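In: here is my input, please return the structure:
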Amino acid sequence: MTDETETGRKRSGGGRARRKGSERDRPATIRDVAAKAGVSVATVSRALAGNYPVSEETRARITAAVESLHYVVNVHAKALSGRVPGPVALVIRDITGPSLAHVAAGVEQEAGSRGRLSLVCSTQGDTGREDDLVQLMREQHAAAVVLVGGAVPDDAYHRRMADYARALDAAGSRLVLVGRPPLPPGVPVTVVEYDDRGGAFQAVTHLLASGHRRILFLGGEPGLSSAEQRRAGHLDALRAQGVAQAEELEIPGPYTRASGHARTREALRSGLQFTAVFGGSDAVAVGALAALREAGLRVPHDVSLVGFDDVPFATDLTPPLTTVRVPYEELGRSAVRLALEREERTPGADHVVLSTRLVIRQSVRRLK
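Out: Predicted structure coming up:
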């Protein structure tokens, strides 16, 4: 009996010890801080918010209690009360793409300079996931939701974006479209674009001025807004120089290295004659460069090459790539700046188009 009783007491004591331990392990609450500082919960709340006069002695006791208990303020609750600025959410298709990564860097830089947290979310092209992320950011009281990347501007796109814009606006947030087709007037949205068409025009004009007439154009996927604009710029340049369009030299596809490689290899195998390649992106141009080398062709001695984006590795290629520079980081910074300052601007300033420019390096040869 004695042994059993003692054992029972030990077990009971152990249970009490574990309960005490679990209480110590749980996160401290504002009530714990108030009890340790010897003040009311309301006084702690006022001291932490900084919006009500509290004596220095009381503030010091509260600060000491917060530090000793490792108390963490409930940021979500503060956001709901409007005392903490909402984050800026960036929603993109693929976070591994070099150009989109630079947009993300611009968003983070501008948000950070304004004391805002930035969140980066990836959809992998899933519109359902995009819907869920936008709704989640609305519930989290994001100050702005930035959607990046080309899209097909059909009726379904316009309906979805308008729904996003109105739902976010009703929650005090803002939808920002970066590099995406704009929406009709009256929709509460900020649009930041760049001059796809003008950039492509510059690239093809440079090739034409260098004597090239048979230009293999590896554009983007049909219907995609950026692809259509770059194709339009390509055709504008041909018309401006009086060069007939050769449809067999236009081969659309994804903006990937693998696609650029496959399309160039197939063009060579089919016997297409061309003296230059215009890749719809730098990744496509890199794939084309690999295919040309595999075929024993030298750039620019045998075939000239131009890309589009001017991502960092463009200067490290051999030869360094002539390409169109897109101000990706500035797109991100502008998106945040325009969204957060919208109440301070004049009407009509919610749609901006940033310029692109051709960067000439060593991948184009002038024909005699």
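In: excluding chain neighbours, what is closest to Lys307?
Out: Actually, residue 307 is Gly rather than Lys. Ala285 (3.4 Å; CB to CB, 6 or more residues apart in numbering). (Each C-beta comes from the backbone N, C-alpha and C, glycine too.)
In: for Leu117, phi and psi?
Out: When read as degrees, to the nearest 10, the backbone of Leu117 gives phi -80, psi 140.
In: and the closest residue to it other than its chain neighbours, how far is that from Pro252?
Out: Spatial nearest neighbour of Leu117, chain neighbours left out: Pro87 (4.1 Å); criterion: CB to CB, 6+ apart. Counting by CB to CB, to the nearest Å, the gap between Pro87 and Pro252 amounts to 37 Å.
In: okay, the two: which has more neighbours?
Out: Per other CB atoms under 10 Å, whichever of Pro87 and Pro252 has more neighbours is Pro87, with 20 against 17.
In: let me know whether that one touches Val146 as I believe.
Out: No. Between Pro87 and Val146 there is no contact under CB atoms under 8 Å: 11.0 Å.
In: contacts for the one helix or strand Val192 maps to?
Out: Secondary-structure assignment from DSSP states H and E places Val192 in strand 189-194. Residues outside strand 189-194 that contact it (CB atoms under 8 Å, 6 or more residues apart in numbering) are 144, 161, 165, 174-180, 182-183, 326-327, 331, 334-335, 338-339, 342, 350-356.
In: the same query, at a cut-off of 7 Å, please.
Out: With CB atoms under 7 Å, 6 or more residues apart in numbering as the test, strand 189-194 has contacts from 165, 174-179, 182-183, 326-327, 331, 334-335, 338-339, 342, 350-354, 356.
In: tell me where the model's unsure across the stretch 151-300 of the chain.
Out: Residue ranges of the stretch 151-300 of the chain with pLDDT under 70: none are present.
In: residue boundaries of the helices in the stretch 1-150 of the chain?
Out: Remark: helices assigned in the stretch 1-150 of the chain by DSSP state H, counting those that start in this stretch are 2-25, 30-37, 41-49, 56-69, 75-81, 98-113, 127-139.
In: in the fourth one, what counts as buried?
Out: Within helix 56-69, the residues scored as buried using 16 or more other CB atoms under 10 Å are 58-59, 61-62, 65-66, 69.
In: can you get me the start-to-end distance on stretch 316-333?
Out: For stretch 316-333, the first-to-last residue distance is 26 Å (CA to CA, to the nearest Å).
In: what do you get for stretch 241-248?
Out: 19 Å.
In: likewise for stretch 68-86?
Out: Stretch 68-86 has an end-to-end distance of 28 Å (CA to CA).
In: what about the strands in this structure?
Out: 88-92, 118-122, 144-148, 175-178, 189-194, 215-218, 276-279, 304-309, 322-325, 351-354, 357-359 (DSSP state E).
In: what strands line up against the fifth one, and which way round?
Out: In this case it means strand 189-194. Within its sheet, and counting by DSSP bridges, strand 189-194 is paired with strand 175-178 (parallel), strand 351-354 (parallel).
In: quick one, what contacts the closest residue to Gly149 other than its chain neighbours?
Out: With sequence-adjacent residues excluded and distances taken as CB to CB, 6+ apart, Gly149 is closest to Arg93, at 4.9 Å. Under the criterion of CB under 7 Å, 6+ apart, the neighbours of Arg93 are 123-125, 149.
In: hmm, try it at 8 Å
Out: Shown in contact with Arg93 (CB under 8 Å, 6+ apart): 100, 122-125, 148-149.
In: Leu249 - nearest residue in space that isn't next to it in sequence?
Out: Per CB to CB, 6+ apart, closest to Leu249 is Leu216, 5.2 Å.
In: is the one you found in a bridge, and if so with what?
Out: Counting by DSSP bridges, Leu216 forms beta bridges with Val277.
In: change the start of the numbering to 561 and stick with it
Out: All right, first residue 561 from here; so that's Leu776.
In: state the distance from it to Leu877.
Out: As judged by CB to CB, Leu776 and Leu877 stand 18 Å apart.
In: equivalent analysis for Ile655, please.
Out: Distance, Ile655 to Leu877, by CB to CB: 23 Å.
In: what about the two, which has more around it?
Out: Using other CB under 10 Å, the more surrounded residue of Ile655 and Leu877 is Leu877, with 19 against 14.
In: quick one, domains of the protein?
Out: For the chain, automatic domain parsing gives the domain ranges 562-633, 648-754+889-914, 756-886.
In: what's the distance between the longest one and the middle of its chain?
Out: The chain centroid and the centroid of domain 648-754+889-914 are separated by 8 Å, computed with CA atoms, centre = their mean, to the nearest Å.
In: from start to finish, how long is that domain in a straight line?
Out: End-to-end span of domain 648-754+889-914 (CA to CA): 21 Å.
In: shaky segments in the stretch 561-710 of the chain?
Out: The model of the stretch 561-710 of the chain has pLDDT under 70 over residues 561-585, 609-612, 633-644.
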